[in-house]
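Enquirer: Provided below for reference: sequence and predicted model.
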Amino acid sequence: MLYQLFNNTGIQNMNKSVRILLGLGLGLIGGIWFSQTDTTTMSGLPEIIEPVGTLWVNAIRMTVIPLLMALLVTAIAGQKTAGVAAQLGGKTIALFVLMVVASSFYTLLAAPPLLSLLNIDPAASASLLESSNATDVANTELPPFRDWLVSLIPTNPIRAAADNAILSLMIFTGLFAAALLKIDEAQRNAVVVFFTGIKDAMFVLIGWIMALAPIGIFALVFPLAATLGVSAISVLGSFIVIAAGLIVVMTLCLYPIAIIVGRVPLKDFIRAVAPVQIIGFSTRSSLAALPATFAATELLGISTRVSGVVLPIAVTLFKFASPIGRTAGTYFIANLYGIDLNVYEMFVIASAIGLFSFYSPGIPSGGLLIMAPVYISLGLPVEGIGILIAIDLIVDMFITAANVTANVTACALLSRDER
């Protein structure tokens, strides 16, 4: 029954991927055709189509705050462990943080030089930026460090939510969730159930929004392709190659870690993770690959005492390769819109996306749904998230394959002494 459910989920994800790819293809082809057509009768077509894409992006943005709050509260106040399980849980989270820091730092060093090799027409990018409604946002400067530091503790959490001060809001939410652990269990459970309902409702709402992804993506990509013309294909294709290459390199680094530190034979590790990688690659969902991941840990001799704690936390919080794809994508959007990022801003982007990766929903392209606050705070056009979603089909396949590989690697590291 479990595998049948998994297979059905995989089919649905593949159908969604095909529709998204179709919307991307039609938007690119239609936009390029429009850019090559010498006619004045349809000169305003991109301006007519563009608001549809903006509406779809706004629909994604409206789910960000309630989803993040619900995920954080349920993760802290809703998971109660004790004794050895608590120790293992602490080690698991610490390992996940360390691995995400490593992937974020790797992207910070490797992505900018590679993306600087892309040949993006400055005139086309400037025209695209002027035609979007993100011009004013793009000119916003980062606040001084002192002001940023003071603002981490919000005086009014509700206003922080209204102002999209996500980091401040998350600090309040984390403290609130920790405080729930100190109150009566019945009262705590009532609050957790409430936020669980919000989380589940947000997932349903996101499902509705993503069902409209082909239309929204077409409306986003068409004006982009109409502005950039034929260069859109080469630019977007080059980014996909760079992002996928960065992810593959980091995935390969997990093999010696599992072999040397985790003391797993190379042949056994390759044989165990290969099916999981294929399933993750095809479904783009670590959750859908969970049954195969459990099977891989059993094949490596990892007890359920370890995998039963590590893997549920992993599919809920741990997105090892998400910072690679999302950070590289953010740098790409900055280049596309002609926005120069200094070292400090690139560091903030890598750090923020690495942090937010723990709160991203475990659905295809879920990591892109929580990036709006990063874009807003750094003055990047939020419409760029829609562009990344449009080209995320292939990148997200590599991200998920890397994520499930990291999940198995983490189990191997944490079970080393026991084995």
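Expert: Looks like it arrived, so ask away.
Enquirer: check contacts around Leu108.
Expert: Residues near Leu108 by C-beta atoms under 8 Å, 6 or more residues apart in numbering: 327, 346-347, 350. All C-beta atoms are positioned from the backbone trio N, CA, C, and that covers glycine.
Enquirer: For the strand or helix carrying it, could you pull out the residues that count as buried?
Expert: Using DSSP states H and E, Leu108 sits within helix 83-115. For helix 83-115, a neighbour-count test (16 or more other C-beta atoms under 10 Å) marks 88-89, 92, 95-96, 99-100, 102-104, 106-108, 110-112, 114-115 as buried.
Enquirer: Buried only: go through the contacts of Leu108 for me.
Expert: By neighbour count, with 16+ other C-beta under 10 Å, these hold 327, 346, 350 as buried.
Enquirer: distance of the first one from Ile32?
Expert: With distances taken as C-beta to C-beta, to the nearest Å, Thr327 is found 28 Å from Ile32.
Enquirer: Of the buried ones among the contacts of Leu108, which is the nearest to Ala314?
Expert: Within these, the smallest distance to Ala314 is 20.4 Å, found for Thr327 (C-beta to C-beta).
Enquirer: OK, contacts around that closest one?
Expert: Counted by C-beta under 8 Å, 6+ apart, Thr327 has contacts 104, 107-108, 111, 349-350, 353-354.
Enquirer: Could you do Leu169 as well?
Expert: Leu169 is in contact with 65, 68-69, 154, 157, 160-161, counting by C-beta under 8 Å, 6+ apart.
Enquirer: Farthest-apart pair in the residues you listed, please.
Expert: Distance extremes for the contacts of Leu169: the farthest pair is Leu68 and Pro154 at 14.1 Å, using C-beta to C-beta.
Enquirer: From the buried ones among the contacts of Leu108, which land in helices?
Expert: Counting by DSSP state H, the part of the buried ones among the contacts of Leu108 found in helices is 327, 346, 350.
Enquirer: Turn those into JSON lines, columns for distance to Phe398 and pLDDT.
Expert: Formatted as JSON lines, these follow (distance: C-beta to C-beta, whole Å; pLDDT from 0 to 100):
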{"residue": "Thr327", "distance to Phe398": "14", "pLDDT": "91"}
{"residue": "Met346", "distance to Phe398": "22", "pLDDT": "90"}
{"residue": "Ala350", "distance to Phe398": "18", "pLDDT": "89"}
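Enquirer: For the stretch 301-419 of the chain, give me the ranges with low pLDDT.
Expert: Low-confidence segments of the stretch 301-419 of the chain (pLDDT under 70): 359-370, 373, 390, 419.
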